[in-house]
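Participant: Just a sequence and a predicted model for now, questions to come.
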Amino acid sequence: MSVFKEYLSIIQIQLEVMAGAGELPPGLDFGRVSVEPPREAAHGDVSTNAAMVLAKPAQTNPRALATALAARLGRAEGVVSAEVAGPGFINLRLAPEVWRAELGRALEARERYGDTDHGTGKAPVNVEYVSANPTGPLHVGHARGAVIGDALAALLEKAGYTVLREYYINDAGAQIDKLAFSTFARYLEALGEALTEESFAARFPGMVWEYRGEYLAPVGAALARSHGAALKNAPPETWLPVVRDFAVAAMMALIKDDLAALGIRHDVFTSERAIVAAGKVDEALTALEGAGHIYTGVLEPPKGMVLDDWEPRPQTLFRATAFGDDVDRPLMKSDGTWTYFAADIAYHWDKARRGYLDQIDVWGADHGGYVKRMKAAVSAVTVGKGALDVKLCQLVNLLERGQPVRMSKRAGNFVTLREVVDEVGKDVVRFMMLTRKNDAPLDFDLAKATEQSLDNPVFYVQYAHARAYSAARHAKEAFPELDLSLAALCAADLSRLDHRGELDLIRSIAGWPRQVEMAADAHEPHRLAFYLFELVAAFHSHWSKGNAEPNLRFVVPGDRALTLARLALARGVATVIASGLKVFGVAAVEELR
């Protein structure tokens, strides 16, 4: 339990006591009562809105209620003072012992510090991420969605939620047929028949040679080894199903290998084609039709369209406007086949049927226009019991010393994720992808990402972790016999930590569990990166003060007890850093080389 939850519990107990004494009406709902840091640190350590949110239902004046509650809280264990501020907020100052005790809990918990039961007992969450079309290797843009999805899943698990990580394989539709034809061209090449763009167009009228990257060459060669020349002169209707399945399997193996290099994992891979083949589109839409959410109608022409180009016709429509969308959405094409949207409804309906009413999808920013309709669909298929949160990831601008990098020998027209991972390492890629909010563009400079300077955010945080451990190595030089085990640090006399900078660092450490819960509630793992930057900045600053004031150094010759207490503080900082980096899937190194 965090300090803030601990004092929330104390406040709720005092409110119950007041209700029992007749000072408050019975049966008040304390659900909106919160405890958080004051906006200004000078106002105290924790602040509560209890009087502000309870005054109206209690039919009393908020400041009068705050005054009565503050009088009780001022006598609570660990409270130095309770002051009423403004219209009725209560600011509490806590004794240093409260914060020191929290440091002890952090040391004992190690990387598990910040683990909470916040999501325990709540609905399980399905997090779907990457879900790139299986038509080639992942590019650097996919890395951002992959890392954000994976870190978000880890964050929710740390906050106590049950989480399923899912990848949706878009293996149906025209792009997969284009992949199959492009693979067939490489198959012919492996058999000695090299196609040009012109000969390809002549051999396959109406089909575009879409995927020209070198990554398909080994797939074509493998197809030739598997089938020999048996497919060479067969008509497309004969070889297309075979080549399509072969190519998708090869691309998914490539994608999974790329994800593994980045440390990304999924629990489930769900095939769009399997969803369709199992009749789930029909099932889902039949259920929606039975609930009155599907009808036949004529849509208004899109805004800005020349009316001569508009052909009004009756269509099968989903009543998306009943669930917050701007217009109702077509479910069937003019040729009688389902739209992509219909298949996507079925997929999210299938997730809900598997028990995942709360769903998070991580998409590229180019899908922004699709968000409202999918949120409407999830609301409909879960009968309002579930919700979809879509995290849109803006573009990654890949740079090399400030200059754009756009081309790849392997893929032809984009830089692959694997090339970037091989260049700078998975830890750097993962951390850099979380240094900005998902809906903000991200500049990723390959040169800056690997330089060892405090201007590099990855190095800045990892250096702080290594620096915290270096204090113990320095202590061994001053006190060769000093026990520096975790047990010894946990048993240190933390009352020796009485400098303002030390207590401020401990308060920052103690804020970690609350940050985890807030980031989990917002579905924003980047918040943890921002928090780590602040903690690390405070740690580096306090460390540097020791250069000018030797009495503030972490190793104090001649004072074992103070040295051990400060080493405990340094390990506490390292504990939070390691806890955060674990959520990110990044190693917390003890020594930089």
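Facilitator: Perfect, I can see it now.

Participant: Tell me where the stretch 251-400 of the chain has strands.
Facilitator: Under the criterion DSSP state E, counting those that start in this stretch, the stretch 251-400 of the chain contains strands at 268-271, 294-297, 315-318, 329-330, 358-364, 387-393, 396-400.

Participant: Lowest average confidence across these, which one?
Facilitator: Of all the strands of the stretch 251-400 of the chain, the minimum mean pLDDT falls on strand 396-400 (a mean of 91).

Participant: Only alpha carbons, please: show that strand as PDB.
Facilitator: Only the C-alpha atoms of strand 396-400 are listed here, as PDB (Å, rounded to 0.1, in the frame of the first residue of the first chain):
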ATOM      1  CA  VAL A 396       8.600   8.000 -36.000                       C
ATOM      2  CA  ASN A 397      11.100  10.200 -37.800                       C
ATOM      3  CA  LEU A 398      14.300   8.200 -38.200                       C
ATOM      4  CA  LEU A 399      17.400  10.400 -38.300                       C
ATOM      5  CA  GLU A 400      21.100   9.900 -38.600                       C
END
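
Participant: any idea of the mean pLDDT in the next helix or strand after it?
Facilitator: Using DSSP states H and E, the helix or strand that follows strand 396-400 in sequence is strand 403-404. Mean per-residue pLDDT for strand 403-404: 90.

Participant: Each with direction, which strands does strand 403-404 pair with?
Facilitator: Strand 403-404 sits in its sheet next to strand 396-400 (antiparallel), going by DSSP bridges.

Participant: Low-confidence ranges, the protein, go.
Facilitator: 304-311, 407-413 (pLDDT under 70).

Participant: Reduced to three states, what does the residue sitting furthest away from the middle of it come out as?
Facilitator: In the chain, the residue that sits farthest from the middle, by Cα atoms, centre = their mean, is Asn233; the gap is 48.8 Å. The three-state assignment at Asn233 reads coil, by DSSP: H, G, I helix; E, B strand; the rest coil.

Participant: how much space between it and Ile345?
Facilitator: As judged by Cβ to Cβ, to the nearest Å, Asn233 and Ile345 stand 41 Å apart. (Glycine included, C-beta is placed from N, CA and C.)

Participant: which residues in the stretch 401-550 of the chain form helices?
Facilitator: 417-424, 426-432, 446-450, 457-478, 486-490, 500-510, 512-522, 526-548 (DSSP state H, counting those that start in this stretch).

Participant: Domain-wise, how is the protein divided?
Facilitator: Taking automatic domain parsing as the reference, the chain has its domains at 3-94, 125-170+265-393, 174-261, 457-584.

Participant: now the ones you listed in CSV, with distance to Leu107?
Facilitator: CSV is the format used below for these (distance: least, Cβ to Cβ, whole Å):
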stretch, distance to Leu107
domain 3-94, 15
domain 125-170+265-393, 18
domain 174-261, 34
domain 457-584, 5
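
Participant: closest one to Val428 among those domains?
Facilitator: Taking Cβ to Cβ, domain 457-584 is the member of the domains of the chain nearest to Val428, at 5.2 Å.

Participant: what's the span of that closest one from first residue to last?
Facilitator: Between the opening and closing residues of domain 457-584 lies a distance of 14 Å (Cα to Cα, to the nearest Å).

Participant: For Leu254, give its distance to Arg93.
Facilitator: Going from Leu254 to Arg93 by Cβ to Cβ gives 58 Å.

Participant: ok, these two, which is more surrounded?
Facilitator: Just comparing Leu254 and Arg93: by other Cβ atoms under 10 Å the higher neighbour count belongs to Leu254, 20 against 17.

Participant: what residues are up against the more buried one?
Facilitator: By Cβ atoms under 8 Å, 6 or more residues apart in numbering, the residues touching Leu254 are 136-137, 215.
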